[in-house]
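**Q** model this:
(chains A, B, C and D)
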2 protein chains.
Amino acid sequence: MGIKVFIVDDHYMVIEGIRSLLQNEKGIDWAGHATNASSCLAFLQQQQPDVILMDINLPDKSGIDLCKEVKERYPSVFIIGLSTFNQQSFIQKMIDNGASGYVLKNATQAELMEAIEIVASGKTFLSNEAALSLRSKDNNDAPVITRREKEVLELIAEGMTNNEVAQKLFISPSTVDTHRKNLLVKFDAKNTASLIRLAAQHQLI
Amino acid sequence: MGIKVFIVDDHYMVIEGIRSLLQNEKGIDWAGHATNASSCLAFLQQQQPDVILMDINLPDKSGIDLCKEVKERYPSVFIIGLSTFNQQSFIQKMIDNGASGYVLKNATQAELMEAIEIVASGKTFLSNEAALSLRSKDNNDAPVITRREKEVLELIAEGMTNNEVAQKLFISPSTVDTHRKNLLVKFDAKNTASLIRLAAQHQLI
DNA sequence: TTTTATATCCCTTTAAAACAGGATATTTTG
DNA sequence: CAAAATATCCTGTTTTAAAGGGATATAAAA
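**A** Numbers count the residues shown, from 1 in each chain, chains lettered A, B, ... in the order given. Take a look at the predicted model:
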């Protein structure tokens, strides 16, 4: 009875690749795969694997959100983030949301196996590049913004004015203005243009 | 003697996935793989496969440029673009540079096989989604902007006002305003916020 | 060569954002 | 519980952007 591994990735070729890398490993049992967040959650209602390899980009929901949801419902399942992007913000968010590891898609079989085994034992695994990225100094961290501020930010990014955002959220235009002011301060942005650019760079919109 | 297929992709898992998908196909011979453009070119000096599956994102050079280079030197080699991105501009550029097909990474084995066989016979293959994307009117393609407009756009994204941009570029604020108006029209943006978001989404800033 | 695209410049009015400087109620958390 | 964070709302003023309407010179393409 090996480690039961499940995969969520919207790319069939990546699923096949991982299956191919793991199929001859004795310590690994293939639990199955999903190509989106909802079928992953549906699968988990039936059975829980030991480790989930989870892509960050899924069609219906971000892997970052899915990670949080899965860990809330099934805390005993360990999650390894899987991505082509070696971005500090992604890695940090996955870890924050309960992931036990992060592996890049250009990882070798040995690296993948190492990650699965370490994570299954309850420890944390970061691939070399991911660990480096987390430690890098040119760490232009995204500012911490509240849920409400994020809502407002997204609506502004869609082109809405303060009044429109206010109507949409059933709050006063003054409140929207305040959130906006706080966003400018938090991002150290001079105006809306730089605010949206910074937010986009940090993948917040 | 089947169709000799070579793969260039920087993701080991994708290479494994494709190899796994193709290994039991009788009409296919595995010619090898490369994880970057230069080792792909080095391989081609030794031997030429019939079909190259080529990722658009490579570490040293874009697949789009590599495609052009390969077709110039080895016109008899057929190339299939491979990408997670179903973006019209990418597909078009690959075709323009001599690719005979475009397949998304979430393609099934059947689709991949079909693509390889059709392309090897000298015809062109586009996956369903790619073909749709090429024909779609709600073309999620970046609008064509002039060099000057791009300059202005970048400065706006940095948080500069019209007056500041004008000073920087040694032109009148009125001119900056005109460029700005044209940018809003070209991007079909309601205001600066949506303009910057769209520009960021199209990797223009 | 004539059209088209690009880049430049101007005016006016209205709408929106930025800035300043408050206040209060409700959560969250140490 | 008390402090901190969050979310809500207010009155102003100043600055900037958006929308509408123009115009001219030049370079590139048909």
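**Q** which parts of chain A are strands?
**A** Ranges of strands within chain A are A:3-8, A:28-34, A:51-55, A:78-83, A:101-104, A:125-126, based on DSSP state E.
**Q** how much space separates the residue nearest to the spatial centre of chain A from DNA strand C?
**A** Centroid-nearest residue in chain A: A:Ile64, 2.4 Å away (criterion: Cα atoms, centre = their mean). Applying Cβ to the nearest atom of the strand, to the nearest Å, the value for A:Ile64 to DNA strand C is 19 Å. No exception for glycine: its C-beta is placed from N, CA and C like everyone else's.
**Q** could you give the number of residues near the residue lying closest to that residue once chain neighbours are set aside?
**A** Distances taken as Cβ to Cβ, 6 or more residues apart in numbering or on different chains place A:Lys93 nearest to A:Ile64, at 4.8 Å, with adjacent residues excluded. If you count neighbours by other Cβ atoms under 10 Å in any protein chain shown, A:Lys93 ends up with 21.
**Q** sorry, back to before: tell me which residues touch the residue nearest to the centre of chain A, please.
**A** Taking Cβ atoms under 8 Å, 6 or more residues apart in numbering or on different chains as the criterion, A:Ile64 is in contact with A:Ile56, A:Phe90, A:Lys93, A:Met94, A:Asn97.
**Q** how about the residues of chain A by chain B?
**A** A:10-21, A:35, A:57, A:84, A:105-109, A:156-161, A:189-197, A:200-201, A:205 (Cβ under 8 Å from any Cβ of the partner chain).
**Q** okay, the nearest residue to A:Gln23 once chain neighbours are set aside: pLDDT?
**A** Nearest residue to A:Gln23, sequence neighbours excluded (Cβ to Cβ, 6+ apart): A:Trp30, at 6.9 Å. Note for A:Trp30: predicted pLDDT of 93.
**Q** repeat that for A:Arg19.
**A** 91.
**Q** I'd say the residue nearest to A:Gln23 and A:Ser20 touch.
**A** No: with contact defined as Cβ atoms under 8 Å, A:Trp30 does not reach A:Ser20; the gap is 10.7 Å.
**Q** which one's more surrounded, those two?
**A** A:Ser20 (19 against 16).
**Q** tell me who's in contact with the more buried one.
**A** A:Ser20 neighbours (Cβ under 8 Å, 6+ apart): B:Glu16, B:Gly17, B:Arg19, B:Ser20.
**Q** isn't A:Thr108 right up against B:Tyr12?
**A** Yes: if you go by Cβ under 8 Å, A:Thr108 and B:Tyr12 touch, sitting 5.9 Å apart.
**Q** who has more neighbours out of these two?
**A** B:Tyr12 (20 against 13).
**Q** only whichever of the contacts of A:Ser20 are buried, select them in ChimeraX.
**A** Selection command for ChimeraX covering only the buried members of the contacts of A:Ser20, criterion 16 or more other Cβ atoms under 10 Å in any protein chain shown:
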select /B:16,17,19,20
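**Q** max pairwise distance over the contacts of A:Ser20: which two?
**A** Distances among those were taken as Cβ to Cβ; the most separated pair is B:Gly17 and B:Arg19, at 7.3 Å.
**Q** what's near enough to touch the nearest residue to A:Asn182 once chain neighbours are set aside?
**A** Distance criterion Cβ to Cβ, 6+ apart; nearest residue to A:Asn182, sequence neighbours excluded, is A:Glu149 at 6.3 Å. Contacts for A:Glu149 (Cβ under 8 Å, 6+ apart) come out as A:His179, A:Asn182, A:Leu183, A:Lys186.
**Q** and which of the residues you listed is nearest to DNA strand C?
**A** Set against DNA strand C, the nearest of the contacts of A:Glu149 by Cβ to the nearest atom of the strand is A:Leu183 (8.3 Å).
**Q** what's the spacing between that closest one and DNA strand D?
**A** For A:Leu183, the distance to DNA strand D - Cβ to the nearest atom of the strand - is 10 Å.
**Q** surely that residue and A:Thr192 touch.
**A** No: counting by Cβ under 8 Å, A:Leu183 does not reach A:Thr192; the two are 9.2 Å apart.
**Q** so who does the nearest residue to A:Phe85 once chain neighbours are set aside touch?
**A** Nearest residue to A:Phe85, sequence neighbours excluded (Cβ to Cβ, 6+ apart): A:Ile56, at 6.9 Å. Shown in contact with A:Ile56 (Cβ under 8 Å, 6+ apart): A:Ser62, A:Gly63, A:Ile64, A:Gly81, A:Leu82, A:Ser83, A:Phe85, A:Phe90, A:Met94.
**Q** rewinding a little: what pairs with the residue nearest to A:Gln23 across the strands?
**A** Beta-bridge partners recorded for A:Trp30 (DSSP bridges): A:Val5.
**Q** cool, thanks, signing off.
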